[in-house]
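**Student:** Got a sequence here, can you build the structure:
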Amino acid sequence: MERLLAGGDFYEGPRWHDGRWWVSDFYRRTVTTISPDGAAEEVLRVDGGPSGLGWMPDGSLLVSSMATRQVLRWDGGAPTLHADLSSLCPQPVNDLVVGPRGDAYVGNFGFDLMAREEPRPTQLVHVHADGPAERVPGDLVFPNGAVITPDGALLIVAETFGARLSAFAVGADGSLSGHRVWAELEPGTFAPDGITLDAEGCVWAADATGGRVVRVAEGGEIADELAMPDGLGCFASQLGGDDGRTLLLCAAPDFFAAKRAGAGEAVLLTSQVAVPHAGLP
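**Tutor:** Next up, the predicted model:
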C-alpha cells in the first residue's frame, strides 16, 4: 500500500470523479479533492459532518450531513437543502449512493453508536431526484456503503453490524424491492462499511472491525484480502484512477469521536488491483 494523504481526522465516502479523488472528513466537517499525486484542496464545508457523496445528472453534488440528518446539494456555491430526513432517521445518516436518474439511497445508524447501544434494525431511505423521501421496506442493521450495478438493476448495501451485504432490485422509477441477502459471513467476523464494485461483480468491502479490506463474491466467498498496516482500521474503499484499478482505502485507528476529532491520525492509502471498477459510485 502507498500513502496518498495523511493528517485527517476520519476520512469517509471516497469517490473518483473527474480525474480526482473526493473524500469526506466528518470530524473536520470538510469535503476535499485529491489529485493522483496527492495534492489536496478543501472544496466544501458541511457543519453537520459530511459522509456519502454522489453526483446528480446535472453534475451537482449530493452529500449526506450526518448530525443534521439531511442530504445537501452543492453546485459550487453555498450548499442547499435537498432532503430533510430527520423524521425518517432518528439517528445520524451515513453513506449514500446516487443512481443514474438522480435517486439517492441513504443509510443511517438506527441506534446510538457512540453511546455503544446494542444494534437494532433500521431501513434504507430512498430520496427521489426531486427531493421527497421514504423508507425502503426491509430491516437492515446499520445500512452503510452501497453500490449500483452497471445495468442499474441491482443495489447492494453493506450492513455493518449485520455481517452481510444485502441487495434490492432497482425499478425503472428508482424504487427498491425484493430485499435479499447477497453475501453473509459469520457474525462477529465481518463488519462491512464502505464498499466498491468491480467488473467481475465482486465487492471490495472495508471491514470496520477486522483491520482489513476484503473482496467478496456473491454468496459470501472471500476472493481476496488485504491487511491494513498495524494499528489502523479500514472504514471505506473505492476503486478509481484512470484505469479504475486503484483501490483507495480510508484508514484510522478507530471511529470514536472522542478519540478521532482533532487527532489528525487518519490516512488515505492506495493499492493496485487486477480487476477495474464498475457501476456506481
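**Student:** Pretty sure Gln238 sits against Asp193.
**Tutor:** No. Counting by Cβ atoms under 8 Å, Gln238 sits too far from Asp193 to count as a contact (11.7 Å). (Glycine included, C-beta is placed from N, CA and C.)
**Student:** Comparing the two, which shows the higher neighbour count?
**Tutor:** A side-by-side neighbour count of Gln238 and Asp193, using other Cβ atoms under 10 Å, places Gln238 first with 28 against 25.
**Student:** Let me know the pLDDT of the closest residue to that one other than its chain neighbours.
**Tutor:** Distance criterion Cβ to Cβ, 6 or more residues apart in numbering; nearest residue to Gln238, sequence neighbours excluded, is Pro14 at 4.0 Å. As predicted, Pro14 sits at a pLDDT of 98.
**Student:** give me the number of residues near Pro14?
**Tutor:** Neighbourhood size, Pro14 [other Cβ under 10 Å]: 27.
**Student:** next one: Gly233
**Tutor:** The burial count for Gly233: 20, using other Cβ under 10 Å.
**Student:** contacting residues for the residue nearest to it when sequence neighbours are not counted?
**Tutor:** Residue nearest to Gly233 in three dimensions, not counting chain neighbours: Gly211, with 5.7 Å by Cβ to Cβ, 6+ apart. If you count contacts by Cβ atoms under 8 Å, 6 or more residues apart in numbering, Gly211 has them with 227-228, 232-234.
**Student:** for the chain, where's the lowest mean pLDDT among helices and strands?
**Tutor:** The weakest-scoring helix or strand in the chain, judged by mean pLDDT, DSSP states H and E, is helix 257-260 (a mean of 72).
**Student:** Name the residues of the next helix or strand after it that are buried.
**Tutor:** Following helix 257-260 in sequence order, the next helix or strand is strand 266-272 (DSSP states H and E). Counting neighbours by 16 or more other Cβ atoms under 10 Å, one finds that the buried residues in strand 266-272 are 266-270.
**Student:** swap in stretch 51-70?
**Tutor:** Within stretch 51-70, the residues that count as buried by 16+ other Cβ under 10 Å are 51-56, 61-66, 68-70.
**Student:** Give me the subset of the residues you listed that lies in strands.
**Tutor:** When DSSP state E defines the strands, the subset of the buried residues of stretch 51-70 inside them is 51-55, 61-65, 70.
**Student:** out of those residues, which one sits closest to Leu280?
**Tutor:** Gly54 (7.6 Å; Cβ to Cβ).
**Student:** contacting residues around that closest one?
**Tutor:** Here Gly54 is in contact with 15, 61-62, 96-98, 104, 280-281 (Cβ under 8 Å, 6+ apart).
**Student:** how far away is Gly54 from Lys259?
**Tutor:** Using Cβ to Cβ, to the nearest Å, Gly54 is found at 28 Å from Lys259.
**Student:** I meant to write Gly48 there.
**Tutor:** 20 Å.
**Student:** higher neighbour count, these two?
**Tutor:** Neighbours around Gly48 and Lys259, counted as other Cβ under 10 Å, are more numerous at Gly48. The numbers are 18 against 15.
**Student:** Surely the more buried one and Val63 touch.
**Tutor:** No. Counting by Cβ under 8 Å, no contact exists between Gly48 and Val63, whose distance comes to 9.6 Å.
**Student:** Going by neighbour count, which residues in stretch 90-103 are buried?
**Tutor:** By neighbour count with 16+ other Cβ under 10 Å, stretch 90-103 contains the buried residues 91-99, 102-103.
**Student:** same question, stretch 1-21
**Tutor:** Within stretch 1-21, the residues that qualify as buried by neighbour count (16+ other Cβ under 10 Å) are 1, 4-5, 8-16, 20-21.
**Student:** now swap in stretch 108-120 and tell me
**Tutor:** Buried-residue list, stretch 108-120, by 16+ other Cβ under 10 Å: 108-111, 113.
**Student:** Check stretch 135-152 too.
**Tutor:** So, applying 16+ other Cβ under 10 Å, buried residues of stretch 135-152: 136, 138, 140-149.
**Student:** any low-confidence regions in the stretch 51-200 of the chain?
**Tutor:** Within the stretch 51-200 of the chain, no stretch has pLDDT under 70.
**Student:** any idea of the mean pLDDT for stretch 34-50?
**Tutor:** The predicted model gives stretch 34-50 an average pLDDT of 96.
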